[in-house]
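[1] with the input below, show me the fold.
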Amino acid sequence: MQSVYGTVLDLETGQPLDSVFVYKQKKENDFGYTDTHGHFEVESISGGLFGCPPMNVELKKGGYEVESAEIEVGSHAKVFMRKIKK
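    So this is what the prediction gives:
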């Protein structure tokens, strides 16, 4: 089992974003949502035989561009999301 953790922040304000949908790429059943502090955790079964490879995740929230990130297993990442310009 591999787990990654992180915090999602607004690129312009630096404020945490809640209710961001965070999921493993190509495996949307492995997902989580950010809490009010922007924190998330995603767990998935590892495909690595000799240690877990980094997990590639995508992040979605209405009004923001979709972001992707590669996160080392067991580490905590900061991900910044950019608002969609109107």
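[2] report the secondary structure state of Ser19.
    coil (DSSP: H, G, I helix; E, B strand; the rest coil).
[3] what is the neighbour count of it?
    12 (other C-beta atoms under 10 Å). Every residue, glycine included, has its C-beta placed from N, CA and C.
[4] what sits closest to it if chain neighbours are left out?
    The shortest distance from Ser19 to any non-neighbouring residue, by C-beta to C-beta, 6 or more residues apart in numbering, is to Tyr33 (5.8 Å).
[5] that neighbour: what's it in contact with?
    With contact set as C-beta atoms under 8 Å, 6 or more residues apart in numbering, Tyr33 has these partners: Asp18, Ser19, Val20, Phe21, Val22, Phe40.
[6] what does Asp10 give?
    Here Asp10 is in contact with Pro16, Leu17, Phe80, Met81, Lys83 (C-beta under 8 Å, 6+ apart).
[7] go through those and name the one nearest Glu67.
    Closest approach between those and Glu67, by C-beta to C-beta: Met81, at 5.3 Å.
[8] show me what the closest one is bridged to.
    Taking DSSP bridges as the rule, Met81 bridges to Asp10.
[9] would you agree it is in contact with Gly62?
    No: when contacts are counted by C-beta atoms under 8 Å, Met81 is not listed as touching Gly62 (11.0 Å).
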